[in-house]
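Visitor: give me coordinates for this.
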Amino acid sequence: MEYGNGWGCSEYTVITSLVLFILFLCGYLTTLFYVSGLYYVIFYATYFVLLIGFILILSGYVFESSETHYHHWFIALLVLTFLSHHNPIISAIHGYFFGVFIEGSARFGLDPVWNDIDIPERITDIR
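Guide: Model prediction:
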């Protein structure tokens, strides 16, 4: 069964699962940082705001004539910076995101996040 935008039940299930996983991860990490001490909460919250702000500034002002494409290896690398606790749940999540990073970079290459619109795509398959 398809809905208004052409998505089926499986697409909605995957998106819902990802959103719930992200919410769980954010809540769990916030709890771990809070238990570790208020310093860690303030440090990682400041780091997160500065990191996202830096990426948005680069996307909007520095590379304004570029097309922004956030590859899955880039997103996994950003998530890996916040997985610093040593417990079984975080280790499993760390292993998953490290696998996403390695698979994305090994299979597809480390393509740039900001692609210049004026320059055509580079040729990657030379025969």
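Visitor: could you pull out the strands for this structure?
Guide: Along the chain, the stretches classed as strands by DSSP state E are 66-68, 114-116.
Visitor: closest to the centroid, which residue in the chain?
Guide: residue 75 (2.1 Å; C-alpha atoms, centre = their mean).
Visitor: about what we covered before: export the strands of the chain as JSON lines, with columns for mean neighbour count and mean pLDDT.
Guide: C-beta coordinates here come from the backbone N, C-alpha and C atoms, glycine included. Compiled in JSON lines, the strands of the chain are given as follows (neighbours: other C-beta atoms under 10 Å; pLDDT from 0 to 100):
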{"stretch": "strand 66-68", "mean neighbour count": "15", "mean pLDDT": "75"}
{"stretch": "strand 114-116", "mean neighbour count": "14", "mean pLDDT": "73"}
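Visitor: pipe these into JSON lines and attach distance to residue 38 per row.
Guide: Shown next, in JSON lines, are the strands of the chain (distance: least, C-beta to C-beta, whole Å):
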{"stretch": "strand 66-68", "distance to residue 38": "34"}
{"stretch": "strand 114-116", "distance to residue 38": "36"}
